[in-house]
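A.B. asks: What follows is a predicted protein model with its sequence.
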Amino acid sequence: MSTPYSDLPDRSFWRAGLAQGLVPRDVPNPPEIRISSTDLIGTAGSCFAQHIGRALRRSGFRLADVEPAPPMLAHELHSDFGYGIYSARYGNIYTTRQLRQLIARAFGKFRPIEDAWETDGRWFDPFRPSIEPGGFASRAELEASRESHLRSVRRLFRRIDVLVFTLGLTESWRSRADGAAFPVCPGTVAGEFDEDRHVLVNMTYPEVYSDMEWVISTLRRRRPNLRFVLTVSPVPLTATASGNHVLAATTYSKSVLRAVAGDLAASFPGVDYFPSYELITTPSARSENFENNLRTVRSAAVDTVMDAFLESFCLDDPSLGSRSAIPPVQKRAVDSFDEDVLCDEAALDAFK
Amino acid sequence: MTPLPLLVGDSNCIAIQQANAELEFPRVTGGFLSSAGAFCEPFFIADGTSVALDPAVFGERLGQWRELAGAPSTFDRSTPKLIVSLGTASPLLYGNPMWKSYSTTDSSKAFVTSGVLDRIVEGLQAQVLAFFRQVQHHGVLAAAVAAPAPQARHRAVDWLGTEGVLDLDQSFRDPVRALLEDLGVPLLGVGVGTAPDGFLQESFWGPNWSHANASWGSAVLDEIAALGY
């Protein structure tokens, strides 16, 4: 007797599709969108998004960089100052609230009250606290840098054809005064924690969904054909302030983000979900995709994810090569640069 | 008789050479070795006893300089003292076309923070500062020569404004000035031909917007003579 399972492919079955050997390219659903070599792509998100951006760039994609490093700054210093990591110098965007807030700030719709931190005469931007190692020389310098940055962000969102956004965390530190979301807890990377001014919000599904719905609709008012690729970072939480075990906290966070990303892809035309989370955390890898700290994703695993990404989104564009198509010398340079993934959240490790 | 000091360095040496050539009794030997940009990369080899200009970097120019100087390009306590013109040729910084779209003061351009600017200057000056330390350590550094002030006609004024050019000029010179002060080495030519507005007086302009003329070189030679070499 025929059932709905009778004619399904191997990928539908745990044993055939995973236990007997996972084929990474089989994991993503056939995407709704395609990315061509002429599309301008913006990248943003949590630490894992850095891998995605670099892999896209070296595979021949046209990556937006609206805040390129000054040409006279030595290449090895670019990432120290947040250049070349994402499409603008916004640093890691761990939460959907941060992304929403960035867009609102860029278009003049939100101006956080707590907008500068001063420590020992140096000034830090609460919304990108690592962007200037050692801090800005003055508040005026911070504000000039921010103004220039937000103008660049406006330009970015007016120009890109595709936004690849990696959702990272649900735990979000906020200002009690106006709800402004910080990328990390004040006092960890910069600033000073004050429980009268700062509060943890562990975002729920509706909150995350609502943020992304706002992001999609707001950006599409300016770029009606803007496409989105959503991914969820497979990198576990460094630490949780939720009171839960960090494993349970990680599972909650990733579950919410994964569910929202999937539902957005199902609900909005031009929005796809790419399963980088699943490809890294799959039981078939038996944790081999992580370094010994069980948190850092091994570069070989990133390569597997990006191969699947390329096959998924750009099969019909021969000008977009695989990573292996990179000339050896260039690939070495890229690989060595890839060793550094800058993660503010990892600073929490220092507190234990 | 004390041998004449050896002039070595960037293209600002040319104006000094020109002035020197007009003298009945020259005050220096040597002169221009290479343009300022060449000194941003490793350009010398130091060991425990001497400092040598790297032939692999300067090629034929080094032979020409040796001929001009009548001296070897390896320096130690037995060679004449050096007058070094390096590390203050600030057009290397403010003259870069990147300042058309970047600024350290104007946030309507891509904003460059003081932290980024410091790293840029450090990158440009690292080798020159190391050279000054080495030649001083080996007892062969007599003095350094400061490049002439920027010229108001330089195209960078259009990109950066007068204040922007002068600020970058100072930022570029500061590390060298500070090091030489620490080392107790005189910096000659400071302020020579500089007008009250901070730019080089027109009467000292050289053949282009980066270089001064022999009048400027002559004034520097007077300061070298005053050192007593």
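C.D. replies: Looks like it arrived, so ask away.
A.B. asks: Over to A:Trp33. Which of the three states is it?
C.D. replies: Careful, residue A:33 is Ile; it's not Trp. Here A:Ile33 is coil, with the state taken from DSSP: H, G, I helix; E, B strand; the rest coil.
A.B. asks: Nearest spatial neighbour of it, chain-adjacent residues omitted?
C.D. replies: Residue nearest to A:Ile33 in three dimensions, not counting chain neighbours: A:Arg227, with 4.5 Å by CB to CB, 6 or more residues apart in numbering or on different chains. From N, CA and C alone the C-beta is placed, and that goes for glycine too.
A.B. asks: Show me what the one you found is bridged to.
C.D. replies: A:Val162 (DSSP bridges).
A.B. asks: looking at it, it is touching A:Phe165, isn't it?
C.D. replies: No. In this structure, A:Arg227 sits apart from A:Phe165 without contact. The criterion is CB atoms under 8 Å, and the distance is 11.3 Å.
A.B. asks: residue with max distance from the center of chain B?
C.D. replies: Most distant from the centre of chain B: B:Ser108, at 32.5 Å, with distances by CA atoms, centre = their mean.
A.B. asks: Mind pulling the model confidence for the spatially most central residue of chain B?
C.D. replies: Chain B has B:Leu86 as the residue nearest its centroid, 2.9 Å off, counting by CA atoms, centre = their mean. Confidence per residue is given as pLDDT, and for B:Leu86 that number is 98.
A.B. asks: quick one: it and chain A, what's the gap?
C.D. replies: Using CB to the nearest CB, to the nearest Å, we find B:Leu86 at a distance of 18 Å from chain A.
A.B. asks: how near is that residue to B:Leu141?
C.D. replies: The span separating B:Leu86 from B:Leu141 equals 11 Å under the rule CB to CB, to the nearest Å.
A.B. asks: list the residues that contact both of those two?
C.D. replies: B:Phe132 (CB atoms under 8 Å, 6 or more residues apart in numbering or on different chains).
A.B. asks: Isn't A:Gly191 up against A:Thr119?
C.D. replies: Yes. Contact criterion CB under 8 Å: A:Gly191 and A:Thr119 qualify, at 7.2 Å.
A.B. asks: Who has more neighbours out of the two?
C.D. replies: Summary of the neighbour comparison: A:Gly191 and A:Thr119, criterion other CB atoms under 10 Å in any protein chain shown, with A:Gly191 having more neighbours (21 against 12).
A.B. asks: any idea how far A:Phe110 is from that one?
C.D. replies: Counting by CB to CB, the gap between A:Gly191 and A:Phe110 amounts to 19 Å.
A.B. asks: And for A:Val271?
C.D. replies: For A:Val271, the distance to A:Phe110 under the criterion CB to CB works out to 24 Å.
A.B. asks: Let me see the ranges of the strands in the chain.
C.D. replies: I went with chain A, as the question did not name one. Assigned by DSSP state E, chain A shows strands spanning A:40-45, A:62-63, A:117-119, A:122-124, A:162-167, A:171-175, A:181-182, A:198-202, A:227-232, A:271-273.
A.B. asks: Not quite, go with chain B.
C.D. replies: Taking DSSP E as the criterion, chain B contains strands spanning B:6-9, B:29-32, B:44-46, B:51-53, B:74-75, B:82-85, B:102-103, B:110-111, B:141-145, B:187-188.
A.B. asks: okay, now A:Thr296: neighbour count?
C.D. replies: Every residue meeting other CB under 10 Å relative to A:Thr296 is counted, giving 16.
A.B. asks: The closest residue to it other than its chain neighbours - how many residues pack around it?
C.D. replies: Counting by CB to CB, 6+ apart, A:Thr296 lies nearest to A:Phe290, which is 6.5 Å off, once chain neighbours are set aside. A count of neighbours around A:Phe290, defined by other CB under 10 Å, yields 18.
A.B. asks: what helices or strands is the longest helix anywhere in chain B leaning on?
C.D. replies: Using DSSP state H to assign secondary structure, the helix with the most residues in chain B is helix B:156-183. In terms of contacts (3 or more CB pairs under 8 Å, 6 or more residues apart in numbering or on different chains; DSSP states H and E), helix B:156-183 is packed against helix B:91-94, helix B:114-137, strand B:141-145, strand B:187-188.
A.B. asks: winner for burial among these?
C.D. replies: By mean neighbour count, with neighbours taken as mean count of other CB atoms under 10 Å in any protein chain shown, strand B:141-145 ranks first of the helices and strands packed on helix B:156-183 at a mean of 24.
A.B. asks: just checking, what packs against that strand?
C.D. replies: Other elements packing on strand B:141-145 under the criterion 3+ CB pairs under 8 Å, 6+ apart are strand B:82-85, helix B:114-137, helix B:156-183, strand B:187-188.
A.B. asks: can you put the ones you listed in CSV and add distance to A:Arg139?
C.D. replies: Supplementary listing: the helices and strands packed on strand B:141-145 in CSV, determined by distance: least, CB to CB, whole Å:
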stretch, distance to A:Arg139
strand B:82-85, 39
helix B:114-137, 13
helix B:156-183, 19
strand B:187-188, 34
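A.B. asks: Show me what from chain B comes close to chain A.
C.D. replies: Selection of chain B residues close to chain A by CB under 8 Å from any CB of the partner chain yields B:93, B:96, B:98, B:102, B:105, B:107-116, B:119-120, B:123-124.
A.B. asks: Spatially, and excluding backbone neighbours, which residue is closest to A:Gln101.
C.D. replies: If the residues on either side of it in the chain are set aside, A:Gln101 comes closest to A:Ala181, at 5.5 Å by CB to CB, 6+ apart.
A.B. asks: returning to that earlier point: I'd like to know which of the helices and strands packed on strand B:141-145 lies nearest to A:Pro206.
C.D. replies: Comparing these by their distance to A:Pro206 (CB to CB), the top pick is helix B:114-137, with 40.8 Å.
A.B. asks: What helices and strands are in contact with that closest one?
C.D. replies: Packed against helix B:114-137 by the contact rule (3+ CB pairs under 8 Å, 6+ apart) you find strand B:44-46, strand B:51-53, strand B:82-85, helix B:91-94, strand B:141-145, helix B:156-183.
A.B. asks: That helix to strand B:141-145, inter-axis angle?
C.D. replies: Here the directions of helix B:114-137 and strand B:141-145 differ by 140 degrees (axes from the mean of the first three to the mean of the last three CA atoms, to 10 degrees).
A.B. asks: Tell me which helix or strand in chain A has the weakest average pLDDT.
C.D. replies: Lowest on mean pLDDT, DSSP states H and E among the helices and strands of chain A sits helix A:328-338, with a mean of 36.
A.B. asks: burial measure for the nearest residue to A:Arg122 once chain neighbours are set aside, as a count.
C.D. replies: In space, not counting the residues next to it along the chain, A:Arg122 is nearest to A:Gly135; the distance is 3.0 Å by CB to CB, 6+ apart. Taking other CB under 10 Å as the neighbour definition, A:Gly135 ends up with a count of 22.
A.B. asks: List the residues that contact A:Gly135.
C.D. replies: For A:Gly135, the residues meeting the contact criterion (CB under 8 Å, 6+ apart) are A:119, A:122-124, A:190.
A.B. asks: Looking at the strands of chain A, which is nearest to A:Val208?
C.D. replies: From these, taking CB to CB, the stretch that ends up closest is strand A:162-167, at 7.6 Å.
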